[in-house]
Structures are given as C-alpha cells and as structure tokens.
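Participant: could you work out the structure for the sequence below:
(one chain, ligands or ions: 1)
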Amino acid sequence: MPRIGSKEKIRRFLLANIGRVIDSREIQEAAGGAVQYSRRLRELREQDGWPILSHNDSTELKPGQYILKEIPKTKKGLVFSRNISAKLRAEVLDRNGFTCQMCGLTPGDIDPYTKRKVRLHIGHIQDKSLGGKDELSNLRTLCSTCNQGAKNITTEKPSAIWLLSQIRRAGQDEQREVFKWLNKKFTPDK
Ligand SMILES: [Zn+2]
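Facilitator: Numbers count the residues shown, from 1 in each chain. Take a look at the predicted model:
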C-alpha cells in the first residue's frame, strides 16, 4: 500500500462518515495521531471548499465536534488514491447507501467484532491482482473489518423471507430499531 499523509487520511475518514457528528479525538486518531489535524481540517474547508461544520457554524455542535454535511464538490483532478477519484469514491458510497455491502453496518454503528465505531472503505469486488479495475462496477463499500476479510459472511444478499424470520425472533427493542431505520429510509425528506 502506498503511504498516505495525514490530510488524506482525514479526507477519507470524513468521506466515510458523512452526516455523522465526529469529535476531534476521532479525527486525530484517523490521522494517525497527527497533532496538526485542526490545520488540516481548516485547509479542507478553506482551500478545498469542503462543507465541514464546527461549533462556530452550528449550535448543535459542541467545541471539538465536526460534521461533513454532504459529499464535497471536489475540484477536477483531485485524487484520493492513485486511481480512485473522489468522485468515484463518492459515487460508490452513495450507490451503496453508506452501508458495508458484506455485513450491512453503517458509520455510527458499533462493530460487534471490534467493538469500535464502523468506518467505511472502498474495496474492489474483483481484486486488482486478478485484473479487477478501478471503476464503479468493480468497487463497493466495505467496513474496515470486512475490508480486511476478517468476517466470514456470505456476500449473497439476504432474502426477504429470511430477514423477516430474523426480525420476528428478535426482541421488541431490536424490532423497533429496525422499524425506525426502515421508516427513516423510506420517508421522503420533505
Ligand atoms: Zn462489514
């Protein structure tokens, strides 16, 4: 893997957590412990025009909290890794509903495997070593754990009958969570 700088790490972390309030500790951690993370955030806001809000912009945020509200309109030619452009990354994340395509977890969920907050990555469906290309049809959203191949989960999508059977045997609190999520997903914004 090519070495990536702290700004790039912050970029990736923010992109994987669009719409979620994140705190400075998480950003610093994502940047590999870089103490200059606040300068990097400012650069992203001022030079790259990323819509990152802080407590100065929103009363809902406390000092040290940030949120990237939406997919940034990136400058032409801005590249995240050698081959996958910001636009392509954003398209993959958007198409996959910001959800890990293997285990279904989303940013903000706690990964039961690592007990940590889920982070999303862009993974190749067919590995590059096997001739897989850096294009939309060969890319998918994966959480860190699935991206590392640590979870042994089938990639086939679950059927409605199977899902319903699982929901029926879950507790009421879990069923309510499912209801809330579905309700949010299928209710138009306005
Ligand atoms: Zn996953």
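Participant: drop to CA atoms for contacts and neighbour counts, all remaining ones
Facilitator: Will do.
Participant: now the helices for this protein?
Facilitator: Per DSSP state H, the chain carries helices over the ranges 6-15, 24-30, 37-46, 86-95, 144-147, 160-169, 172-186.
Participant: near the ion, which residues of this protein are found?
Facilitator: When proximity is defined as C-alpha under 5 Å from the ion, the chain approaches the ion at 100, 103, 143, 146.
Participant: hmm, 6 Å instead?
Facilitator: Near the ion, the residues belonging to the chain are 100, 102-103, 105, 142-143, 145-146 when assessed by C-alpha under 6 Å from the ion.
Participant: quick revisit: which among the helices of the chain is found nearest to Tyr66?
Facilitator: Closest approach to Tyr66 among the helices of the chain (C-alpha to C-alpha): helix 24-30, 7.4 Å.
Participant: save the helices of the chain as JSON lines, and put in mean pLDDT and mean neighbour count too.
Facilitator: Shown next, in JSON lines, are the helices of the chain (pLDDT from 0 to 100; neighbours: other C-alpha atoms under 10 Å):
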{"stretch": "helix 6-15", "mean pLDDT": "86", "mean neighbour count": "21"}
{"stretch": "helix 24-30", "mean pLDDT": "89", "mean neighbour count": "17"}
{"stretch": "helix 37-46", "mean pLDDT": "83", "mean neighbour count": "16"}
{"stretch": "helix 86-95", "mean pLDDT": "88", "mean neighbour count": "19"}
{"stretch": "helix 144-147", "mean pLDDT": "84", "mean neighbour count": "19"}
{"stretch": "helix 160-169", "mean pLDDT": "90", "mean neighbour count": "11"}
{"stretch": "helix 172-186", "mean pLDDT": "92", "mean neighbour count": "11"}
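Participant: please identify which of those is closest to Ile122.
Facilitator: Using C-alpha to C-alpha as the criterion, the shortest distance between Ile122 and the helices of the chain is 6.9 Å, found for helix 86-95.
Participant: what's the nearest residue to Thr141 if we skip its chain neighbours?
Facilitator: Leaving out its chain neighbours, the residue that sits closest to Thr141 by C-alpha to C-alpha, 6 or more residues apart in numbering is Ile122, at 4.8 Å.
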